[in-house]
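J.: 3D, please:
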Amino acid sequence: MAVRIAVLGLVAVVLFCGLFFRLWALQVISGDRYLEDANNNQVRTFRVPAARGTIVASDGTVLAANRPGTQIQLWPAAFDDMPRARIRSEFRRLAPLLNVKVQDLRKALAQGKTDPLSPVTLKTAVRNFKVNYLLEREREFPGIQINAIQLRKYRYGADAAQLLGYTGQISAGQLKAREDDGYAAGDIIGQSGVEASYDRYLRGRPGVGQVRVDALGRITGRQEFSELPQPGYSVKLTIDAKLQRAAQNAIAYGINLARRQGEYYADGGAIVAMNPKDGSILAMASNPTYDPKVYVGRVSEKNLEHLADPKANYPTLDRPVSGLYPPGSTFKPVTALAALETGLITPGTVLRCDPSYEIAGQTFSNWDPFYNASIQLVPAIAMSCDTYFYRVGKMFYDAQGSPLQEWARRMGFGRTTGVDVGPEPSGLIPTPAWRRQHFTHAWDQVWHPGDSIQLAIGQGDVLVTPLQMARFYSLIANGGKLVEPHVVSQIEEPSPNGQAPVVVRTVKPPPPRDVGLDPANISVVQEGLVDAAQNGSYGTSAAVFGAFPVSIAGKTGTAEKYQQIPGYPNGKLLDQSWWCGYGPTSNPELVVCALIENGGHGGTAAAPTAMRVFANYFGVKPTQLGAIHSD
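T.: Presented below is the predicted three-dimensional model:
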């Protein structure tokens, strides 16, 4: 018995010693570390978003800025020990106040359970009387927090909406790609347009704050800041605010004009106005458009559904940069330059301009069935003779390789322009190799004479963006140099007390690149474009620009394209109305390219649309001589 008692006593002593030394280690050796951990559990660190930088036009007009707002957030941890009846009662009172559904509040609470110490945003841009109501009854709404925030404000609403873009909360995929750049969950970033392309300058540097919480994560103290947020830089555009407004109005005018002329499906358009010397974009308008404020604050699913509805004709699509269309006759100067450079024709080459051209049992008609004569290249461009260019297309088909396609690529087609907003597709210049790669049927894989003939007049499979066309006409206007389009001129740091901002960075695109065109050949095409806009005998837009106070050169285009129209399951072949050109002809300052979707002939819709942009730029009144006879 004595031995057993001694053994038990020894075991008890050993256990006591172990417990004693463990307590001593926790309290003495590691006491400071555990004290720090305990304090950290009482303090929650949070990010303080910085005020986003402004976006301004070339004259300093503010296009996108910030306005003060409020944000209502829910702290999930505060509801952990709350009776369900109390939660239901609070949500029933909160829902009509915030104009949200009770079920949405429940979803927000469930969402927050995955991270109870992170707040969930319920509503932004809450009116002052509602904020005051919540502040006065703070005890009645536990777990609800009110924050002062900055909300994006677009001063001109739908004008330049696609160009400016919009902001929104960073997605999981975006966060994964940018986590190393200092982004974090919940950050508001640019999602499209300039807001996205220059987000790294606009977003600023977020601050860091701390707030004390209890064991359940409920806030028990005031917010304190260890690092104040730094506002973002201002981004200055090359955009002329007045010209941008004129371009937006011009598209609406062109659509209405087309409808009055019987083109009832006209429902959209695009305009690019560019400096042909350096590629700076002075206006870039798209229609239909939308107001970016639909993305400010808590986004309404109903509004997003409307924007995504095909019946709305995709208002968020930036048509000048991302819209793809067949160029029609505006592409004929490309064909002319390529034919001159490869020696297939000369300026004096005479070809028939007759009602139709037949080859391999297929008939290709001229847009004007009443003209029948032999002409040279300049009048062929001016009167936009299809059958003249059909014959040139057949020459390209008989030539070795794909010289027309090669020259088209050199002049900027089939590849992106490099513009600093996007996304930007490359377009399509079809080749025999492309047909073999993308078609499975043996007949479709073969490049036929009709393919070269269609390409020569900008039809068939060729696709371009309005920006690519404006870039090409800039090349003609400046004597053969390919510019890189851009919409941002510099990054600025605002100065206090109304002083001039400090330029942080000047955005300079690469210098214009010579593509190797013979100046004599460019002069021939320029002469054809001047006649097209000035020669009253046969110029396709002379009725529009013949009496214009400033000398304008340009080309009409009517491009056929199948469009999805209600009542036509297989689509309907409609005319896309184009006009591209520049002025003054002696020293070009401005290139304008206008497109009216489903608008009919280029001279009847797109040319008058472009004229209104020129009129605004040069400060003159629009004029029109009379009836328009145009492709």
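J.: report how many residues lie close to the nearest residue to residue 257 once chain neighbours are set aside.
T.: Nearest in space to residue 257, with sequence neighbours left out and distances taken as Cβ to Cβ, 6 or more residues apart in numbering, is residue 605 at 5.7 Å. In short, each C-beta sits where N, CA and C put it, glycine included. Residue 605 has 37 neighbours, counted by other Cβ atoms under 10 Å.
J.: residue 605: what's it in contact with?
T.: 254, 257, 258, 261, 263, 266, 577, 596, 599 (Cβ atoms under 8 Å, 6 or more residues apart in numbering).
J.: any idea how far stretch 554-561 is from the middle of the chain?
T.: Mean C-alpha position of stretch 554-561 versus that of the full chain (Cα atoms, centre = their mean, to the nearest Å) differs by 24 Å.
J.: returning to what we had before: now, the contacts of residue 605 that are in strands?
T.: 577, 596 (DSSP state E).
J.: residue 106: which of the contacts of residue 605 is nearest?
T.: residue 266 (46.6 Å; Cβ to Cβ).
J.: residue contacts, the closest residue to residue 439 other than its chain neighbours?
T.: Spatial nearest neighbour of residue 439, excluding adjacent residues (Cβ to Cβ, 6+ apart): residue 445 at 4.9 Å. Listed by Cβ under 8 Å, 6+ apart, the contact set of residue 445 reads 435, 436, 439.
J.: from residue 563, how far off is residue 445?
T.: Distance check for residue 445 against residue 563: by Cβ to Cβ, to the nearest Å, it reads 27 Å.
J.: can you list the low-confidence ranges for the protein?
T.: Residue ranges of the chain with pLDDT under 70: 18, 20-42, 44, 46, 114-118, 213-221, 223, 298, 625-627.
J.: any idea how it splits into domains?
T.: Domain ranges of the chain: 45-237, 241-292+317-494+502-618, per automatic domain parsing.
J.: deepest-packed of these, please.
T.: domain 241-292+317-494+502-618 (a mean of 21; mean count of other Cβ atoms under 10 Å).
J.: just checking, what packs against whichever strand or helix holds residue 87?
T.: Assigned by DSSP states H and E, residue 87 falls within helix 84-98. Here helix 84-98 touches helix 102-112, strand 120-124, helix 128-136, going by 3 or more Cβ pairs under 8 Å, 6 or more residues apart in numbering; DSSP states H and E.
J.: surely residue 405 touches residue 431?
T.: Yes - between residue 405 and residue 431 there is a contact under Cβ atoms under 8 Å: 5.0 Å.
J.: quick one on the thing from earlier: for the helices and strands packed on helix 84-98, which one sits closest to residue 165?
T.: Per Cβ to Cβ, nearest to residue 165 of these: strand 120-124, 18.8 Å.
J.: ok, residues contacting that closest one?
T.: Under Cβ under 8 Å, 6+ apart, the answer for strand 120-124 is 69-74, 76, 94, 98-100, 105, 108-109, 111-112, 144, 149, 151, 296-298.
J.: give me that answer again for 7 Å
T.: Applying Cβ atoms under 7 Å, 6 or more residues apart in numbering, the external contacts of strand 120-124 come out as 69, 71-74, 76, 98, 100, 105, 108, 111-112, 149, 151, 297-298.
J.: re the thing from before, nearest to residue 314 among the contacts of residue 445?
T.: Of the contacts of residue 445, the one sitting nearest to residue 314 (Cβ to Cβ) turns out to be residue 439, at 27.6 Å.
J.: related to what we said a few turns ago, compare the helices and strands packed on helix 84-98 and give me the one nearest residue 613.
T.: strand 120-124 (37.2 Å).
J.: neighbouring strands for the closest one, and are they parallel or not?
T.: strand 62-74 (antiparallel) (DSSP bridges).
J.: so the partner strand versus helix 102-112, what angle?
T.: 80 degrees (axes from the mean of the first three to the mean of the last three Cα atoms, to 10 degrees).
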